[in-house]
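> Sharing a model prediction with you, sequence too.
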Amino acid sequence: MEADRGWNGKKLWLMLVMPLWLTGCAVGSLFQPYPSQAQSWVHPAPGRDAAIVQHLERAGKGRDGVLYLQELGLLQQRLGNDAASRTVFADVINHYEHTDAQALIRVTGLASQTGALLINDNALPYRAPDYERIFTHSYQALNYWAAGDVTGTAVELRRAAQAQRLAEQRREGELAEVDEDAASLDLSQYQGYFEGLDAAAGAVKSSFQNAWTFYLSALFWEAHGEYNDALVDYKKALELHPRADWLKADVQRVSRALDGHREQGTGTVAVLYEQGEVPARQEVSLPIPTPHGLFLVAFPSYSVMSRSAPRPLTFEIGGQTAQTRVLADVGALAARNLREQAPAMLIRQVLRATGKYNLQKKANDDFGSAGAFLTQLFNLISEQADRRSWLGLPAYAQAGRVTVPVGEQQVLLSGPGGDASVTVPVAERGLTLIHVTERAGRLVARVLPVQEGPL
């Protein structure tokens, strides 16, 4: 009898640890939600930058490595380490290409899916959504820009445009496939739980289209006299913000340039501004029906209450005062992306809830109260929503531009992160770009090499 009880205990322990083994024990977010982990680099303590870089480098070798590498690439850029950032983002882009090329069904993939069904979605390897991928290409373009590599900048901007085209092409098919899978599930019963998510997602038309990237690209092409390409990207930005008169002015200006009407003795100074912090996913509890009753599960969501209001950056130059305007509401992109994933996630939750209930019932039947207690404890610990997302991104990506006389100019910057001043060169029909971010409660501004002349 003692031997039987010992064997039964081992079987129960095996039942509980098998899902963890199937996922390679890579369930870091199971015990510490990702937003908690990210606080160290989103709100860095003084003097901790080197330690944070080392931590992200180690984490970048793990199962969710691409997420940590995205954070690392952006952190290195904000620290002024453009060469290191360029190397990291190259690894990130290689990861995108590698995972996209892999077969959909693999042994390791099946193991991950099995673990996710028994534990939670944190057991699935992180796959960067399209809006994060497009920001990666934008930041990599800025890295090449900072290095004076015009060809590298052009290549990366074209890759960003291609990523947006591909995302648009496959989005319709993906949503149709999800709708077909969810046909047997009454999603209307959960509508009330997603009101905040729907409100946050409703601020954008798409989960991936990024007018900030289109605008960055248009500025670059215009500076190099590629007016057709510039006009296409300005128009795409305008499609996403149809009431933006300043984008209409950009379209009109480039249209005139195509007709040979170009200003003399002036150049462009543009400001890219990354304001605030993208909201983190929150956790809500959903009642999932099983054959034996309701089972409460954790589900990720966003709330409009967690979103900060956009605040512009004011810049003064050459006797002119201008402000940046929002081109990408990153929190809304993240919310819309999550809303599109919700049906598939709900399907997994229904399967998971049923599996966990059956596991608990079997443990109770086979091992008595001790078995029931252990499985209840396992279910309590493992029921964590997948809150992973790139939290180094800004809340809002903004931009602004002015035309000023050729020569050296001083620019005064003022925003919610404080004030800063930079001196910039202005070339005739050229572009001087000032990239402004917020870090540790202050503005950080850097002036990128002037873009001018044919490519």
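That came through fine.
> CA only for contacts and neighbour counts going forward, please
Fine.
> Near the closest residue to residue 240 other than its chain neighbours, how many other residues are there?
Computed as C-alpha to C-alpha, 6 or more residues apart in numbering, the closest residue to residue 240 that is not its neighbour in sequence is residue 211, at 6.6 Å. Neighbourhood size, residue 211 [other C-alpha atoms under 10 Å]: 25.
> quick one: the strands in this protein?
For the chain, the strands defined by DSSP state E occupy 266-275, 282-290, 293-301, 314-317, 320-323, 325-329, 396-405, 407-415, 418-426, 431-439, 442-451.
> sorry, back to before: please tell me I have it right and the residue nearest to residue 240 contacts residue 232.
No. Residue 211 lies out of contact with residue 232 (C-alpha atoms under 8 Å); the separation is 11.9 Å.
> and stretch 273-286, how far from the chain's centre?
Remark: stretch 273-286 is offset 10 Å from the chain centroid, using C-alpha atoms, centre = their mean, to the nearest Å.
> Could you list the residues in contact with it?
Outside of stretch 273-286, the residues within contact range by C-alpha atoms under 8 Å, 6 or more residues apart in numbering are 35, 42, 190, 193, 296-303, 306-308, 310-311, 313, 324, 330-331, 384-385, 387-389, 391-399, 435-438.
> Make a ChimeraX selection of whichever of those residues turn out to be buried.
To isolate the buried ones among those in ChimeraX, judged by 16 or more other C-alpha atoms under 10 Å, type:
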select :35,42,297,298,299,300,301,302,303,307,310,311,313,324,330,331,384,385,387,388,389,391,392,393,394,395,396,397,398,399,435,436,437,438
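> what number of residues lie near residue 101?
9.
> Tell me the pLDDT of residue 79.
Listed pLDDT for residue 79 reads 95.
> That one and residue 53: what is the separation?
10 Å (C-alpha to C-alpha, to the nearest Å).
> Give me the more crowded residue out of those two.
residue 53 (18 against 12).
> burial count for the closest residue to residue 350 other than its chain neighbours?
Counting by C-alpha to C-alpha, 6+ apart, residue 288 is the residue found nearest to residue 350 once chain neighbours are left out, at 6.1 Å. Residue 288: 20 surrounding residues under other C-alpha under 10 Å.
> shaky segments in this protein?
Along the chain, the parts satisfying pLDDT under 70 run over 1-31, 103-119, 173-187, 290-294, 359-361, 363-364, 366-382.
> swap the cut-off to 80 and go again
Along the chain, segments meeting pLDDT under 80 span 1-32, 101-121, 123, 171-191, 288-296, 306, 349-383, 440-441.
> Would you point out which residue is most central in it?
Centroid-nearest residue in the chain: residue 132, 3.6 Å away (criterion: C-alpha atoms, centre = their mean).
> Give me the nearest residue to it, chain neighbours excluded.
residue 390 (7.1 Å).
> What are the phi and psi values at the one you found?
phi -80, psi 100 (degrees, to the nearest 10).
> Show the contacting residues for residue 446.
Per C-alpha under 8 Å, 6+ apart, neighbours of residue 446: 422, 434, 435, 436.
> can I get those residues in TSV with distance to residue 216?
TSV is the format used below for these (distance: C-alpha to C-alpha, whole Å):
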residue	distance to residue 216
422	20
434	11
435	11
436	14
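> these two touch, right, residue 144 and residue 155?
No. Using C-alpha under 8 Å, residue 144 is not in contact with residue 155; the gap is 9.6 Å.
> Those two - which one has more neighbours?
Per other C-alpha under 10 Å, whichever of residue 144 and residue 155 has more neighbours is residue 144, with 21 against 15.
> if I look at that one, how far off is residue 89?
For residue 144, the distance to residue 89 - C-alpha to C-alpha - is 11 Å.
> swap in residue 73?
As defined by C-alpha to C-alpha, residue 73 lies at a distance of 6 Å from residue 89.
> where along the stretch 151-300 of the chain do the helices fall?
195-201, 211-223, 227-240, 245-258 (DSSP state H, counting those that start in this stretch).
> winner for burial among these?
Ranked by mean neighbour count, those are led by helix 211-223 with a mean of 25 (mean count of other C-alpha atoms under 10 Å).
> Any idea how far that helix is from the middle of the chain?
That offset, for helix 211-223, works out to 20 Å (C-alpha atoms, centre = their mean).
> Now do it: which elements does it pack against?
helix 130-146, helix 150-181, helix 227-240, strand 325-329, strand 396-405, strand 431-439 (3 or more C-alpha pairs under 8 Å, 6 or more residues apart in numbering; DSSP states H and E).
> got CSV for the ones you listed, with distance to residue 203 too?
Output for these, formatted as CSV (distance: least, C-alpha to C-alpha, whole Å):
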stretch, distance to residue 203
helix 130-146, 15
helix 150-181, 18
helix 227-240, 11
strand 325-329, 8
strand 396-405, 12
strand 431-439, 23
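> Indicate which one of those is closest to residue 83.
Judged by C-alpha to C-alpha, the one of those that comes nearest to residue 83 is helix 130-146, at 7.4 Å.
> Return the closest one as CSV; C-alpha atoms alone will do.
Extracted in CSV, the C-alpha atoms of helix 130-146 (Å, rounded to 0.1, in the frame of the first residue of the first chain):
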residue,chain,number,x,y,z
ASP,A,130,3.2,43.2,-37.2
TYR,A,131,3.1,46.7,-35.6
GLU,A,132,6.2,45.7,-33.5
ARG,A,133,8.0,44.5,-36.6
ILE,A,134,7.3,47.7,-38.5
PHE,A,135,8.7,49.7,-35.6
THR,A,136,11.8,47.5,-35.7
HIS,A,137,12.4,48.4,-39.3
SER,A,138,11.9,52.1,-38.5
TYR,A,139,14.4,52.1,-35.7
GLN,A,140,16.9,50.2,-37.8
ALA,A,141,16.5,52.8,-40.6
LEU,A,142,17.3,55.5,-38.0
ASN,A,143,20.4,53.5,-37.0
TYR,A,144,21.7,53.5,-40.6
TRP,A,145,20.7,57.1,-40.9
ALA,A,146,22.8,58.0,-37.8
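> from the chain's centre, how far out does that helix sit?
When distances are taken as C-alpha atoms, centre = their mean, helix 130-146 is centred 12 Å away from the chain's centroid.
> now what about that helix, what contacts it?
Under C-alpha under 8 Å, 6+ apart, the answer for helix 130-146 is 70, 74, 77, 82-83, 85-86, 89-90, 93, 150, 152-157, 159-160, 163-164, 167, 207-210, 213, 333-334, 390, 448-449.
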